[in-house]
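Asker: Predicted model and sequence below, questions to follow.
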Amino acid sequence: MKTIARIAFRFLIAFAVCSIVVTVIWTARYLFQAEHVALGPALYSIAIASVPAATIAGAFATFFAMNRTIRSRPLGFALVTTLSALAMVGFASLARYLDLPADASIQSLPRSYLPIGAWMVEIANAPWPTLAMGAAAFAAFAASFWCCTRLSRSRPLIGAFLAPSSALASLFLFSLYLSGPADALFSLLGIALPRLLSAAALTAANALALLLFDALFARKPSGGRSDA
Amino acid sequence: MPNKSTGFATVAGALIAIAFALGFFLSLVSIGTSGVLFKFAIAWELTKALLYVAAWAPAIVLASSALAMESSSASDGFSGQAYRVMAPVLALAAIVSIFYLLVVPGLEERKNRYESQSQLFSDSLSLADEALREGRLGDAQRHLLSSAAIDQRDARFEALNSRVQTAEIKAKAAALGDDAATTPPPPKEDPAWKAGNRFYLEALEARKAGRLFDAHYLAKRSAALFSKRPEVTRLVADTWRDIQRLGPSAETKAAAAYYERKLDGYARFQEGDFLEAYRIYSGLAAEDSSDKDARVYLERSAEGLSTIAFFIEEDERAFSRSDERRFAITLSEPSGWSATIRASRAAPSEDAIYFRDLELEIQAEDPIRVSAPFARLHGNTLILRAVDRNRPELVWDPAYDARPKSADPGYALAVPFDQEDAATAIRFSGAPGDIPLAFLATGIDEASRLGIDKEPLLAELAGRTSYPFAVVMLALIGAGMGVRFKPKDAVGPVAKYLSAPVLVALAVPPIRVVAEAEAVAARAFAEWVPSGIFLPAWLAFMGACVVASLLVAARIADSR
C-alpha cells in the first residue's frame, strides 16, 4: 500500500506541475495573440485543455518509480490507468459542476496540440458514458507506454532518453486518432461511430498493441535498482 | 583524468563530427528544393551543416554528459562526482555557448544571404523575361541589373542577357531603318536601272576617292538614265555641294567637329549639367584616349555628377556583397516633422547605403513625397538619380508626388536621418537571429528610435543569452541521469559509441519543446518587464533556472 501511495503521490505531483507549467505557458501565448483578453475563462479553458498533456507527463514520471518498486506488469498498468483516468475524470467533473465556461482561447494552443485540447474540452462536456469511455481509453493508452522505459536492462539510460520522446510521440499519435483520416478508417469498414468513440476505439487498440509489445519485447520490471 | 576514464572528449568529438556530416548530407539532399544558386551551393551546404551542429549541440551536451557519468566510477550519488566528471562537460558547454553566441549569428546571416540572393536572382530573371516578352526593354534591362549583381556566369542569366541585347540592337536598327523600310524595292530587272546603277556605283567610288567632279558627273549620268532613285538624286546634290564647298580635308573637318564637341562639353560642365558633360567627354575619351583634356574633364564631370547622381555599378557592387533586406524607418520630432523611408531592398557599402524601389515621405512645412528606382544615402544626402557609367544615356530618375520648392531638380535631398541611422536600421531589419550579439545588446534603444519594434529584438536577446544557461542546465541534468541510470555492468566502448547518436536523436525533440517554452518566457519578459531592468531580470530568471536544474539533477541522481 505504501508503494502504491508513493507512486500515486509522484503521479499527482508530476501531473500538477506539468498542468500548471503548461497552463501558464499557453496562457501567456494566448495573451500575446489576443486583442481583447478575458483572463479567467481563458485560464480555465487552457487548464482543462492541458489535462491530457499533464496526464502523459504524470504517467511517464511514474514509470521510473514503478520500475524500481513493482514486479507485476498488470498491477503497474492498472495503477497508472486508474490514476490517469481519475485525474481526467476529476478535472472534467470539476469543469462540469463548477460550470466553467469554455473559451475561444484554446484556439491559441500550439497547432499540433490543438485537436487534443479541443477533445478534452469536448469530452469534459460530453455525456458521462462518453466521458468515461474516452478517459479510460486515453488513460490505458498513456499507461501502455510503460514498456518504452524497460526496453534495455543493460542500458537503462536508453529508457530514460526514450521516455520524453515517447511522451511526445504519444501526443502526436493521439492527435492523429482525432484527425479526419482516422474517422475515415471506420467509414471504410462500414462502421458509423461518433468522433469521440472512434478516437476512443483507436486509442484503446493502440494501448492493446503496446501491451502486446510489452509482453513480447520489453523486460519484466524487476522491482529492484537495476531497471530504469 | 575524467575524460580518459569516461571517454567524454572522444564521444563528444565523435558526436559533433557525426552531426556535421549528417547536417551536410541533409543540406546536400535539400539543395534541389532550396533554390540556392550553384555558385553558392558548397558554401550554403557547409553553413547549413554548421547550423545543424549548433542546433543539435545542446542534445550533444546532454547525451555526452549522461554517457560520461554513466561510464564514471560514481556510485555514491551525484554531488561526490560532480567536480571531476563535470569539468570537461562544462568546458564543452562553454565552447558550445561561445560558438552559438559569436559564430552562429554570422552563419545565419550568411545562409539567409545565400537564400535571399538566389531568390532575388530568380525573381529578377523572371521579371526581366516577362518584360522582354511584353517589349518593355527598359524594365528588362533594369531587372537584369539585379541578377547581374549576383551572378553573371549563370547560364540562365547569360541566355536572357543575350536575348535582351539582341532585342535592343533590333530595336535600334528598326528605329534607324524606318525610312529605308518604307522605300519600295528598285526595279532591278529594268535595263535603264541597271545602267544607271553602274554609273551610281562608279560615282560613289569616285566620291570615296576624293574625285568630286567625276563623282558629280557620274551621278548626273545615272540620274539621266534612271531618275526614280532618291539616293541617286541625293548623291547628285551632295556631290554638287561638295564641289562648291571644296575646302579643308576630311581630317581637318573631323578635328574641328571634335573640338566643337569638346567646347560643348566644357560649356555644359560650366553650366553644371554634369550628366551631359559626362556623356560628351566619355564619347570623346572613347574616340581619342590620348586626349588629356577629355580625360581630365571626364573625371571632373564624373565628380560633379556624383553630387546629383551615382553610377549604377556602385549599387550593383553593394548589392552583390550584402544581404539584401527590406528597409523601413520612421522618425519624428516633437517640433512637427516626421519622415518615413521605405525600400524594397537596402544594402550598405563602405561609404554609402544603397536602396532599391525607395519611397520617401517627409511631413513638414514643405512636404516631400518621392519614389525612385535607385537611391544612395551618403551622410544625410540622399541621391535619387542613377546613371549607367558605360552607357550614360541610361538614367533612372526619381518621381515626385510632392516636391519641395528648394529641391529643384530634386536629384539630391538633405534628409533628417543619416547613413549611420540607415546602417543601424539595416542591421536590425533582418531576421533577429542574424543580428550579432554586440549589436543586440547595445543597439535596441537606437532601433526603437528609428521606429523598429523592439520587443522581438528583446526576445531574441533573451533567447540568445539563455543559451549558455540552457547548455549548463542540460549538462547538469545529463549528469544526474547518468548517475541515476547507471547499469550494473560497465558499458563497453562499442555499445557506448553506437548508442551515443541514438541518445542525441532521442534528446532533440524534447529539447525543442522546452526551447519553445523558453521562447514564450523570453517574449513574456520582453513584453511585460520594463526595458531598463529587462536584461538583469532575465539573467536572474535564468540563474534561478540553473539553480533549480541543479537541484533537480541532484534529486534525480540521489533517487538511485
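Answerer: All right, it came through fine. Numbering: from 1, shown residues only, chains lettered A, B, ... in the order given.
Asker: Quick check: which element contains residue 84?
Answerer: Going with chain A. Counting by DSSP states H and E, the element that carries residue A:84 is helix A:73-97.
Asker: meant chain B, my bad for not saying
Answerer: helix B:78-98.
Asker: which strands and helices sit next to that helix?
Answerer: helix B:2-6, helix B:8-34, helix B:41-71, helix B:455-484, helix B:534-558 (3 or more Cβ pairs under 8 Å, 6 or more residues apart in numbering or on different chains; DSSP states H and E). Where C-beta positions appear, they are placed from N, C-alpha and C, glycine not excepted.
Asker: And the second one, what does it pack against?
Answerer: Taking 3+ Cβ pairs under 8 Å, 6+ apart as the contact definition, the neighbouring helices and strands of helix B:8-34 are helix B:2-6, helix B:41-71, helix B:78-98, helix B:493-528.
Asker: now the second one: how far from the chain's centre is it?
Answerer: What that stands for is helix B:41-71. Relative to its parent chain, helix B:41-71 has a centroid offset of 30 Å by Cα atoms, centre = their mean, to the nearest Å.
Asker: The helix-or-strand element of chain A with minimal mean pLDDT: which residues count as buried?
Answerer: Ranking every helix and strand in chain A by mean pLDDT, DSSP states H and E puts helix A:180-188 at the bottom, with a mean of 77. Residues A:182, A:183, A:186 are the ones in helix A:180-188 that count as buried (16 or more other Cβ atoms under 10 Å in any protein chain shown).
Asker: Look up the closest residue to residue A:47, ignoring the ones flanking it.
Answerer: Setting aside the residues directly before and after it, residue A:47 is nearest to residue A:23 in space (Cβ to Cβ, 6 or more residues apart in numbering or on different chains), at 4.7 Å.
Asker: If I take whichever strand or helix holds the one you found and helix B:493-528, what angle do their directions form?
Answerer: Element membership of residue A:23, judged by DSSP H and E, is helix A:2-33. For helix A:2-33 against helix B:493-528, the angle by axes from the mean of the first three to the mean of the last three Cα atoms, to 10 degrees is 50 degrees.
Asker: same for helix A:2-33, what does it pack against?
Answerer: Other elements packing on helix A:2-33 under the criterion 3+ Cβ pairs under 8 Å, 6+ apart are helix A:39-49, helix A:51-69, helix A:73-97, helix B:493-528.
Asker: Residue of the stretch 51-200 of chain B closest to chain A, please.
Answerer: residue B:70 (5.5 Å; Cβ to the nearest Cβ).
Asker: Let me see the contact set for that residue.
Answerer: A:157, B:482, B:485, B:486, B:487, B:491 (Cβ atoms under 8 Å, 6 or more residues apart in numbering or on different chains).
Asker: Just give me the least confident of those.
Answerer: On pLDDT alone, residue B:491 ranks lowest of those, at 82.
Asker: In which helix or strand does it reside?
Answerer: Residue-wise, residue B:491 maps onto no helix or strand under DSSP H and E.
Asker: outside of stretch B:462-474, which residues touch it?
Answerer: Residues contacting stretch B:462-474 (Cβ under 8 Å, 6+ apart): B:57-59, B:61-62, B:65, B:90, B:93-94, B:96-97, B:100-101, B:437, B:440, B:511, B:515, B:518-519, B:521-522, B:525-526, B:534-535, B:538-539, B:542-543, B:545-546, B:549.
Asker: what comes up buried for stretch B:160-179?
Answerer: B:160, B:161, B:164.
Asker: tally of neighbours for residue B:476?
Answerer: 27 (other Cβ atoms under 10 Å in any protein chain shown).
Asker: wait, it sits on residue B:549?
Answerer: Yes - in this structure, residue B:476 is within contact of residue B:549 by Cβ atoms under 8 Å, at 5.3 Å.
Asker: Mind listing what's buried along stretch B:238-252?
Answerer: So for stretch B:238-252, counting by 16+ other Cβ under 10 Å, buried means B:238, B:239, B:242.
Asker: Next, the second one: phi, psi?
Answerer: Per-residue torsions, residue B:239: phi -70, psi -40 (degrees, to the nearest 10).
Asker: Who are the contact partners of residue B:268?
Answerer: Contacts of residue B:268 (Cβ under 8 Å, 6+ apart): B:274, B:276, B:277, B:280, B:301.
Asker: what separates whichever strand or helix holds it from the chain centre, distance-wise?
Answerer: Per DSSP H and E: residue B:268 is located in helix B:250-271. Remark: helix B:250-271 is offset 41 Å from the chain centroid, using Cα atoms, centre = their mean.
Asker: try stretch A:121-141
Answerer: So, by Cα atoms, centre = their mean, the centroid of stretch A:121-141 is 11 Å from its chain's centroid.
Asker: what does it contact?
Answerer: A:45, A:48-49, A:52, A:55, A:77, A:80-85, A:88-89, A:91-92, A:95-96, A:102, A:106, A:119, A:170, A:174, A:194, A:196-197, A:199-201, A:203-204, A:206-207, A:210.
Asker: how far is the helix holding residue A:23 from where the chain is centred?
Answerer: A distance of 12 Å separates the centroid of the chain from that of helix A:2-33, by Cα atoms, centre = their mean.
Asker: Now it: buried residues?
Answerer: Neighbour counts over helix A:2-33 (16+ other Cβ under 10 Å) mark A:7-8, A:10-11, A:14-15, A:18-19, A:22-31 as buried.
Asker: so residue B:538 sits right up against residue B:525, yeah?
Answerer: Yes - Residue B:538 is within contact range of residue B:525, at 5.1 Å (criterion: Cβ under 8 Å).
Asker: the more surrounded of the two?
Answerer: Set side by side, residue B:538 and residue B:525 show more neighbours around residue B:538, with 23 against 20, by other Cβ under 10 Å.
Asker: Could you list the residues of chain A in contact with chain B?
Answerer: A:21, A:25, A:28-29, A:32, A:110, A:153-162, A:164-165, A:167-168, A:225-226, A:228 (Cβ under 8 Å from any Cβ of the partner chain).
Asker: For PyMOL, write a command that selects the buried ones of the residues you listed.
Answerer: In PyMOL syntax, the buried subset of the residues of chain A next to chain B is picked out as below (16+ other Cβ under 10 Å):
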select buried, chain A and resi 25+28+29+153+155+156+157+158+159+160+161+162+164+165+167+168+226+228
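Asker: out of the residues of chain A next to chain B, which are inside helices?
Answerer: A:21, A:25, A:28-29, A:32, A:156-162, A:164-165, A:167-168 (DSSP state H).
Asker: hang on, the earlier thing: can you list the buried residues of stretch B:238-252 in TSV and add pLDDT and distance to chain A?
Answerer: Below are these laid out as TSV (pLDDT from 0 to 100; distance: Cβ to the nearest Cβ, whole Å):
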residue	pLDDT	distance to chain A
B:238	86	82
B:239	83	87
B:242	81	86
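Asker: so which of those would you say is closest to residue B:311?
Answerer: residue B:238 (41.4 Å; Cβ to Cβ).
Asker: and the gap between the residue nearest to that closest one when sequence neighbours are not counted and residue B:231?
Answerer: Excluding the flanking residues, the one nearest residue B:238 by Cβ to Cβ, 6+ apart is residue B:207, at 7.9 Å. Relative to residue B:231, residue B:207 is positioned 12 Å away (Cβ to Cβ, to the nearest Å).
Asker: and the two? which has more neighbours close in?
Answerer: residue B:207 (19 against 15).
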